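Novice: Structure for this input, please:
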Amino acid sequence: MTQLILTEITRMGPGRCIIGLEAIPAGYRSVRPLPRYGNSWPEDFPHRRGHQLEFQLATLSPTRPHIEDRLTLRFVRKVGECGEEELVQRLRRAEMADRLHDLFHCQVHHNPTGRGYFVEPADAARSICGTELRNLRFFPHGDEIRAELLLPDETRVKLPLVDTEWRRFLEQAASLIIGANQKRRMERFLLSRLPQKLLGEPTLLARIGVTRPFMGKCWLMLDSLFPQPKEEWLHEMD
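Specialist: Numbering: from 1, shown residues only. You can find the predicted model right below:
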């Protein structure tokens, strides 16, 4: 049996992609348990970050860069949980990088014809990595929210936010803004008030992942952002 501390729950179309930490002698490593069919779990996946889950997993021959993939033969049970501070401490003992090109041990390319960043699948050595942040901002982008991250090496990247809790929180925030100047008021909340809440927090950490290959490229996305959002922040919206 394999015990994983759940670290990621991300949106993948109508389903959910999950990742957990497995304890190893040197610290922790990320493992992505896949369901028996397909790459995503149901939208109503009942567990949350910090839950410690027990799986019976089979070893796969994963295709780079998704070397963390394991096939779930059987989900056994929940055996415990940990709080956010402890979870982030463990994440800092897993895959971490301070420079953009060290995230996946390869060149990260900027999309020359539009927005976004990608890696070549055969070049990347992994598909998930954590990083500390020096700054961050949120921006509306069509029907989604993107996060601009300032990494320790002073590189800025603007990535789609696929963290389910943050997406739910921001969708709820948008629904609460009524009356005039809705777009401007939401932008003020995203650009000013939210970063003020996050910057300086001891648990500030990002986990950046890459998509499955799409047209020969794996696109970067913000899988997890810590600290996770708090409901009381919604009361401070104007």
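
Novice: contact partners of stretch 83-102?
Specialist: Contacts with stretch 83-102, where a contact means C-beta atoms under 8 Å, 6 or more residues apart in numbering, come from 5, 7, 21, 27-30, 49-50, 82, 103, 107-108, 126, 128-132, 151-153, 155, 157, 202-203, 205, 207, 226-228. Any C-beta I mention is one placed from the backbone N, CA and C, and that applies to glycine too.

Novice: Return the members of those classed as buried.
Specialist: Neighbour counting with 16 or more other C-beta atoms under 10 Å marks 5, 7, 21, 28-30, 49-50, 82, 103, 108, 126, 128-131, 151, 157, 203, 205, 207, 226, 228 as buried within the contacts of stretch 83-102.

Novice: per-domain residue ranges of the chain.
Specialist: Listed by automatic domain parsing, the domain ranges of the chain are 2-89, 96-236.

Novice: Can you tell me the SS state at L21?
Specialist: What DSSP: H, G, I helix; E, B strand; the rest coil gives for L21 is strand.

Novice: Surely R167 touches I145?
Specialist: Yes: with contacts counted by C-beta atoms under 8 Å, R167 reaches I145, the gap being 7.3 Å.

Novice: Now for the two: what residues contact both?
Specialist: Counting by C-beta under 8 Å, 6+ apart, the residues touching both R167 and I145 are L161.

Novice: So those two - more neighbours on which side?
Specialist: The neighbour comparison of R167 against I145 (other C-beta atoms under 10 Å) goes to I145, with 21 against 17.

Novice: Listing partners with orientation, what would you give for the longest strand along the chain?
Specialist: What stands out as the longest strand in the chain, according to DSSP state E, is strand 69-81. Partner strands and pairing direction for strand 69-81 (DSSP bridges) are strand 27-34 (parallel), strand 51-59 (antiparallel).

Novice: just these: most buried one?
Specialist: Ranked by mean neighbour count, those are led by strand 27-34 with a mean of 20 (mean count of other C-beta atoms under 10 Å).

Novice: starting at the chain centroid, how far to it?
Specialist: Centroid separation between strand 27-34 and its chain, computed with C-alpha atoms, centre = their mean, to the nearest Å, is 14 Å.

Novice: Could I get the average pLDDT for the helix or strand where I145 lies?
Specialist: Using DSSP states H and E, I145 falls within strand 144-150. Averaging pLDDT along strand 144-150 gives 90.

Novice: for stretch 186-196, same thing?
Specialist: 83.

Novice: what does stretch 33-41 give?
Specialist: In this model, stretch 33-41 has a mean pLDDT of 87.

Novice: now swap in stretch 200-209 and tell me
Specialist: Averaging pLDDT residue by residue across stretch 200-209 gives 96.

Novice: What of stretch 126-137?
Specialist: Across stretch 126-137, pLDDT averages out at 96.

Novice: That stretch: end-to-end distance?
Specialist: End-to-end span of stretch 126-137 (C-alpha to C-alpha, to the nearest Å): 26 Å.

Novice: any idea how far that stretch is from the chain center?
Specialist: Relative to its parent chain, stretch 126-137 has a centroid offset of 9 Å by C-alpha atoms, centre = their mean.

Novice: related to what we said a few turns ago, which of the residues in the longest strand of the chain are buried?
Specialist: Those would be 69-70, 72, 81, for strand 69-81 by 16+ other C-beta under 10 Å.

Novice: in the helix or strand of the chain with the lowest mean pLDDT, what's buried?
Specialist: Least confident helix or strand, the chain: helix 182-188 with a mean of 79, by mean pLDDT, DSSP states H and E. Residues of helix 182-188 classed as buried: 185-186 (neighbour count, 16+ other C-beta under 10 Å).
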